[in-house]
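Novice: structure for this input, please:
(chains A and B)
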Amino acid sequence: MSASVPTNYPIFAIIIPLIAGFAAPIIGVFGSKIRNIYVTVVLGIQLILTGLVLNTVLSEGIISYAIGHGVPVPSGLEVPVRVVFEVDAIGAFFGLFAILSIFLASIYSFSYLEGKGNLTGFYTLVLVMAAGSIGFAYTGDLFNLFVFLEVTSISAVGLVAYPKRDGLSAEAAFKFLVISVLGGLVYLFGVGILYGQYDVLSIAAVAERMQFGIADKLALISIFSALAMKLGSVPMHMWVPDAYGESPAPVSMMMVVISQLSLYGLVRISFSLYGLNLDGTTLGWIIVVLGLLTMFVGVTMALIQKKLKRLMAYCAISQIGYILLGVGAGLIALKTGAIAEYGLKAIEGGLFHMVNDVIYMGLLFLTAGALIYKTKERSLNELGGLAREMPVTVIAFIVGAGAISGIPPFNGFASKFLIYESVYKINPFLTAVAMLVSVMTLAIFVKVFQSAFLGPEITEYKGVGEVPTKMKISMVILSVLIILFGLFPNLIVNEFVEPAAMALVDQAKYIGGML
Amino acid sequence: MLYMDLVTPGGVWNPIVFIVFLAIVGFISYLIYQLGEEDVSPAQGSKPFLSGNPEISKEAHRMSGSNLYWGLLESMEKYYKLMKKMHSGLINDYIFWFLLVIVALFLILIGGSKI
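Specialist: Numbers count the residues shown, from 1 in each chain, chains lettered A, B, ... in the order given. Model prediction:
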């Protein structure tokens, strides 16, 4: 196995959707059908490329890729102006599921947004977001991480604002814009401190030179807090219900990916940048406490929501808490020799839950979208008796609700099982809270199921029927993935999650792969 | 079957064993169901007695989302009062919480000797 494999897949996975995004307005001139095929083909190619990247990384090792060259400056020296990618198993693994999610959300949106004005701008933003997401997952450079974070955030702001529905979506987009800009600037401040200290921006190079003084700790605070806010950690989560709740359903699904990207960034910074220098206990406990707060506040706030998508947004916040709990507990345990094995499993649980969350939260948002699409109603109090009218949607909802509640044999159970078992060894109280939150999540989705699908038929919804095929396709694919991941969790964990977790904890290999 | 086990340091999970177990329970439940009387149908049931009041239509009788978990939510009233105050929807408050976390991290990470 070579330490560094040259291949052009990573750059193509970014460049193709980026160029295609800017070309979309030209393609849009030929009509919506051609445009939709174009978007599907571009995202399909990107999906294949991310699959090839993952395959290459798993079989041959870390992919290092740099474009650019030295630019002469007046002093006679050359300043390297370049974009560096370093793709390891976790980046490749997460990149694949990010694009799969955006791909399915796009197919769903072809029907969901049909007839809602000119959508060429919408798909331009989707393709740019897809490019930015992969750039974020693949980059090995702190500044480019910022650039791709901003690319995804700016496109997400545009997508949230797109429906132009009674000002609410515009307000949500504005709030997300303010939060994104502020988070981005604080992140950039942290990167500036590190650049001032070490004169390099590559994660591997900074990690190698890290002295871990006060300035490095300041940089950690800046970068950590900015990413924690962008992933929706309590108490910095308030923008999430606004952005997820007021945007169209497929955009909510893409927003889950955006939050997970920030979570991926946080994990990457904690392990690959600071890993060897960290004692692990303090930062690990900070992440665990944030995880507990995020789980509990998210689920209790979801319990009192009346609007369907706001309810699901709070549940999405709550699920992020599980991932933080797994990763934080892993960080603590890895530094404690006796339970290091539990630490690795907790991280595996957290990473597996990250992917599962993208899948089942995406599905739940799509089922919420299906209900809104057919009834034009967002309040749970006004829905009811729709199980007879929408059989595919109700089955998809049951699968998604089972997965998020951690009911076996769905995928959410498998990842939660890993987290429960590992975290228990660190402190049983953590597992107790995690299980309580799962029970409350189930209670919430029983409420949604009862309110929306059960009960007598409501006259105005008689004969509304099922959603169009394109919307059904996305929901069915996600449901099948949930069932498959739940039935064969060992395959996913052994083939993909374990190498990703190993890539994360092995900081020396990450540094060696790049330098 | 063992190759399908998801192994953790503390236990094992095998979804196929779980499904087989569910199938057996389902089959036993079906057998018990079959033991029931065949000649009873819902149509033979009498109308519900509502303290002498007339039965309201099924559509008007719907239980909405807000009706569920009323008791639990009442018992957590103080918590929710605090949470609703915290979730004001104002962007100023969003930024306040962000700054508060930065300050807390500063105190813990810079103030503490180890990370």
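Novice: pLDDT score for residue B:113?
Specialist: With respect to pLDDT, residue B:113 scores 54.
Novice: is chain B within reach of stretch A:490-500?
Specialist: Yes. Judged by C-beta under 8 Å from any C-beta of the partner chain, stretch A:490-500 and chain B are in contact via A:490, A:493. C-beta: built from backbone N, CA, C; applies to glycine.
Novice: ok now that stretch, how far from the chain's centre?
Specialist: 18 Å (C-alpha atoms, centre = their mean, to the nearest Å).
Novice: average pLDDT for that stretch, rounded please.
Specialist: 90.
Novice: contacts for it, please.
Specialist: Residues outside stretch A:490-500 that contact it (C-beta atoms under 8 Å, 6 or more residues apart in numbering or on different chains) are A:54, A:58, A:88-90, A:93-94, A:348, A:351-352, A:355, A:414, A:418, A:485, B:3-7.
Novice: so which of those residues sit within strands?
Specialist: B:6, B:7 (DSSP state E).
Novice: now, of the contacts of stretch A:490-500, which are buried?
Specialist: Neighbour counting over the contacts of stretch A:490-500 (16 or more other C-beta atoms under 10 Å in any protein chain shown) leaves A:54, A:88-90, A:93-94, A:348, A:351-352, A:355, A:414, A:418, A:485, B:5-7 as the buried ones.
Novice: state the pair within the residues you listed that is farthest apart.
Specialist: A:88 and B:5 (27.1 Å; C-beta to C-beta).
Novice: pretty sure residue A:411 sits against residue A:478.
Specialist: No. Checked against C-beta atoms under 8 Å, the pair residue A:411 and residue A:478 is beyond contact range at 10.5 Å.
Novice: skip the chain neighbours and tell me the closest residue to residue A:162.
Specialist: residue A:122 (5.4 Å; C-beta to C-beta, 6 or more residues apart in numbering or on different chains).
Novice: how about low-confidence regions in chain A?
Specialist: A:1-6, A:70, A:78-80, A:165, A:276, A:338, A:514-515 (pLDDT under 70).
Novice: pull the longest helix from it.
Specialist: helix A:340-375 (DSSP state H).
Novice: and that helix, what's buried?
Specialist: A:341-375.
Novice: ok, and which of these reach chain B?
Specialist: A:341, A:342, A:345.
Novice: mind listing the helices for chain B?
Specialist: Under DSSP H, chain B gives helices at B:15-34, B:70-75, B:77-86, B:91-105.
Novice: ranking those by burial, who's on top?
Specialist: helix B:91-105 (a mean of 16; mean count of other C-beta atoms under 10 Å in any protein chain shown).
Novice: on contacts alone, who are the packing partners of that helix?
Specialist: When contacts are defined as 3 or more C-beta pairs under 8 Å, 6 or more residues apart in numbering or on different chains; DSSP states H and E, helix B:91-105 sits against helix A:168-198, helix A:214-231.
Novice: give the other helices and strands that the shortest one contacts.
Specialist: Going back to what we said before, that points to helix A:214-231. Packing partners of helix A:214-231 (3+ C-beta pairs under 8 Å, 6+ apart): helix A:168-198, helix A:249-268, helix A:281-303, helix B:91-105.
Novice: so what's residue A:177 up against?
Specialist: Counted by C-beta under 8 Å, 6+ apart, residue A:177 has contacts residue A:157.
Novice: can you tell me the closest non-neighbouring residue to residue A:238?
Specialist: Closest residue to residue A:238 apart from its sequence neighbours, by C-beta to C-beta, 6+ apart: residue B:94 at 4.8 Å.
Novice: the helices of chain B: lowest mean pLDDT?
Specialist: If the helices of chain B are sorted by mean pLDDT, helix B:70-75 sits at the bottom with a mean of 90.
Novice: from the chain's centre, how far out does it sit?
Specialist: With C-alpha atoms, centre = their mean, you get 14 Å for helix B:70-75.
Novice: kindly report the same for stretch A:316-331.
Specialist: 13 Å.
Novice: so is it next to chain B?
Specialist: No. Using C-beta under 8 Å from any C-beta, stretch A:316-331 stays clear of chain B, with a minimum separation of 10.3 Å.
Novice: next, count neighbours for residue B:13.
Specialist: Per other C-beta atoms under 10 Å in any protein chain shown, the neighbour tally for residue B:13 reads 20.
Novice: which ones are touching it?
Specialist: Applying C-beta under 8 Å, 6+ apart, one finds that residue B:13 lies in contact with A:408, A:413, A:414, A:417, A:489, B:5, B:6.
Novice: what residues does the stretch 51-200 of chain A have near chain B?
Specialist: For the stretch 51-200 of chain A, the contact set with chain B under C-beta under 8 Å from any C-beta comprises A:174, A:175, A:178, A:179, A:182, A:183, A:186.
Novice: same thing but 10 Å
Specialist: Listed as neighbours of chain B in the stretch 51-200 of chain A under the rule C-beta under 10 Å from any C-beta of the partner chain: A:171, A:174, A:175, A:176, A:177, A:178, A:179, A:182, A:183, A:186.
Novice: setting aside sequence neighbours, what's the nearest residue to the residue of chain A found nearest chain B?
Specialist: Here the residue of chain A nearest chain B is residue A:380; by C-beta to the nearest C-beta that distance is 3.3 Å. Nearest residue to residue A:380, sequence neighbours excluded (C-beta to C-beta, 6+ apart): residue B:65, at 3.3 Å.
Novice: OK, contacts around that neighbour?
Specialist: By C-beta atoms under 10 Å, 6 or more residues apart in numbering or on different chains, the residues touching residue B:65 are A:305-308, A:311, A:379-384, A:444, A:447-448, A:450-452.
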